[in-house]
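Enquirer: coords please:
(one chain, ligands or ions: 2)
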Amino acid sequence: MKFSLIKKLSLSTSACFMTAGLILNSNLALAFGIAAKGTFKTYGQPVHETITQKAALDSGLLTSAQELEMKHLIEGVRFNDDPEAYLLEGARQDGGGVISFALEFLGSKKDKTDPTKASHFGDYQFLHAMGNSDMGAEEIKEKIILYVYHCWKMATEKDSLANFTKDYELVLQQEKSPSPDVKYTRDQIIVRRAVNLFPKEVLFFHSVTQAQFQYRALGSLLHVIQDSYAKGHVVRVGWESGANDGKVLYFQNYTEQDSNEHNHLDNHDHGKVNHQNVNDIPGAKIAYERSKQMLSMIVNQCPWTSGTLGNSPTCAQSVYNFLDKEIFAFDESTDWKSRGTRSHPDLIPKPVQPDPYGASGG
Ligand SMILES: [Zn+2]
Ligand SMILES: [Zn+2]
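Expert: Ligands and ions are numbered 1, 2, ... in the order given. The predicted model follows:
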């Protein structure tokens, strides 16, 4: 989802059902005024947060007593909307906050190398299970699975923060003064790709402890899965009837969409989101079920590939298989052409009708 941050101020924030998709419009002045008075305390509708908390409890990953772990998990599910941690308390030297986050979207940094923008409008839309129109469905799926693999590894590997730090430093050193003897491992190749776009803090989910690192990585992983069932993000079998819980027909491109239409699909029509009514949002029920399944696999220590599946009697399949053959499986009755990345016609801005009375002509 793109994050509905400022909805009650009618600032159209377009983060997904799962993103803090922040498209600021003409009501900006109002938002600034109110925000400046410090009344701005919520993240809008906490859809991702609600689904994630419920799935973490129901899967047995966490108990309600594990407040700190839950906090880090929720910080992780917000990461995809806010990779530069404008909204993560204490993470930024400049203080961060909603205003800085909003400025980030409005500001002059329109280039693709900006992590916050790239995650919403650019090449890193896969953080929300979306993509640019020039990206094929297979390519987006590959990027998603690679990212999920990275998050999964960071979330499950003992000492992942220390190991990742080592990889990061080696890659950085190698990029600065390449030595012909160094051959990158698969993980280091992922690190190298990421280093080119994301600053260190982003790559590390702004973490300094192992617990922060692993739960934030896990939260970020869940965000991608949850978004993939949001109707503004992925068109699946069942899109028209509402549940959007079938196989993937095509990924959507946020850049082409009407952000109000997108937000409408990402959010609850009325009232405060809670563990019960969150399921009224199209796609949210299956997003919860998939999140719970994923976390159960983490609890059962299911392997990434099927090679060592025999050692895990509680696991019916590998994590990779679950992603490849279930969550991100394409509908077999469609071919690659019909899977072209685009937006559903309902989400594309309608052309403005010419004024029949010629109001502008006097
Ligand atoms: Zn969204
Ligand atoms: Zn999202």
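
Enquirer: for the residue of the stretch 51-200 of the chain found nearest ligand 2, grab phi and psi.
Expert: Closest approach of the stretch 51-200 of the chain to ligand 2 (Cβ to the ion) occurs at residue 128, with a separation of 3.4 Å. C-beta: built from backbone N, CA, C; applies to glycine. Note on residue 128: its backbone torsions stand at phi -120, psi 20 [degrees, to the nearest 10].

Enquirer: what's the burial count for it?
Expert: Neighbour count for residue 128, taken as other Cβ atoms under 10 Å: 33.

Enquirer: could you report the pLDDT at it?
Expert: Per-residue confidence (pLDDT) for residue 128: 94.

Enquirer: now swap in residue 226 and tell me
Expert: On the pLDDT scale, residue 226 is placed at 96.

Enquirer: once you drop chain neighbours, what's closest to it?
Expert: residue 287 (4.1 Å; Cβ to Cβ, 6 or more residues apart in numbering).

Enquirer: now for the host helix or strand of the one you found, which elements pack on it?
Expert: Per DSSP states H and E, residue 287 falls inside helix 284-299. Helix 284-299 is packed against helix 47-58, helix 137-156, helix 210-227, with contacts defined by 3 or more Cβ pairs under 8 Å, 6 or more residues apart in numbering; DSSP states H and E.

Enquirer: which one of these lies nearest to ligand 1?
Expert: Nearest to ligand 1, of the helices and strands packed on helix 284-299 and by Cβ to the ion, is helix 210-227 at 6.3 Å.

Enquirer: now check that closest one, is it near ligand 1?
Expert: No - Helix 210-227 stays clear of ligand 1 (Cβ under 5 Å from the ion), getting no nearer than 6.3 Å.

Enquirer: pull out the buried residues from that helix.
Expert: 212-227 (16 or more other Cβ atoms under 10 Å).

Enquirer: and the residues you listed, which is closest to residue 293?
Expert: Closest approach to residue 293 among the buried residues of helix 210-227 (Cβ to Cβ): residue 225, at 9.2 Å.

Enquirer: ok, now which ones touch that closest one?
Expert: Residues near residue 225 by Cβ atoms under 8 Å, 6 or more residues apart in numbering: 129, 148, 287, 290, 291, 294, 327.

Enquirer: for it, give its distance to ligand 2.
Expert: Computed as Cβ to the ion, to the nearest Å, the residue 225 to ligand 2 distance reads 10 Å.

Enquirer: the residue nearest to residue 168 when sequence neighbours are not counted: how many residues sit nearby?
Expert: Spatial nearest neighbour of residue 168, excluding adjacent residues (Cβ to Cβ, 6+ apart): residue 191 at 5.7 Å. Using other Cβ under 10 Å, residue 191 has 20 other residues around it.

Enquirer: pretty sure residue 191 contacts residue 166?
Expert: No - using Cβ atoms under 8 Å, residue 191 makes no contact with residue 166, being 10.1 Å away.

Enquirer: re the thing from before, determine which two of the contacts of residue 225 are furthest apart.
Expert: Once Cβ to Cβ is applied, the contacts of residue 225 give 148 and 287 as the farthest pair, at 14.7 Å.

Enquirer: more neighbours: these two, which one.
Expert: Between residue 148 and residue 287, residue 287 has the larger neighbour count (other Cβ under 10 Å), namely 31 against 23.

Enquirer: got phi/psi on whatever residue of the stretch 251-362 of the chain ends up closest to ligand 2?
Expert: Nearest to ligand 2, among the residues of the stretch 251-362 of the chain, is residue 266, at 8.5 Å (Cβ to the ion). Per-residue torsions, residue 266: phi -80, psi -20 (degrees, to the nearest 10).

Enquirer: the nearest residue to residue 242 once chain neighbours are set aside: what's it in contact with?
Expert: Leaving aside its chain neighbours, residue 242 sits nearest to residue 282 (5.2 Å; criterion: Cβ to Cβ, 6+ apart). Neighbour list for residue 282: 230, 231, 242, 243, 244, 265 [criterion: Cβ under 8 Å, 6+ apart].

Enquirer: number of residues surrounding the nearest residue to residue 348 once chain neighbours are set aside?
Expert: Of all residues not flanking residue 348 in the chain, residue 256 sits nearest, at 6.0 Å (Cβ to Cβ, 6+ apart). The number of residues packed near residue 256 is 15, by other Cβ under 10 Å.

Enquirer: show the pLDDT at residue 256.
Expert: Looking at residue 256, its pLDDT is 87.

Enquirer: and the gap between it and residue 323?
Expert: Distance from residue 256 to residue 323, counting by Cβ to Cβ, to the nearest Å: 26 Å.

Enquirer: low-confidence ranges in the stretch 51-200 of the chain?
Expert: 103-113 (pLDDT under 70).

Enquirer: what distance do you get for the residue of it found nearest ligand 1 to residue 166?
Expert: Residue of the stretch 51-200 of the chain nearest ligand 1, by Cβ to the ion: residue 128 (6.3 Å). Going from residue 128 to residue 166 by Cβ to Cβ gives 30 Å.

Enquirer: about what we covered before: right, and the residue nearest to residue 226 touches residue 230 too?
Expert: Yes - in terms of Cβ under 8 Å, residue 287 counts as a neighbour of residue 230; the distance is 7.3 Å.

Enquirer: tell me if the helix or strand harbouring residue 119 is near ligand 1.
Expert: Assigned by DSSP H and E, residue 119 falls within helix 115-120. No - using Cβ under 5 Å from the ion, helix 115-120 stays clear of ligand 1, with a minimum separation of 9.4 Å.
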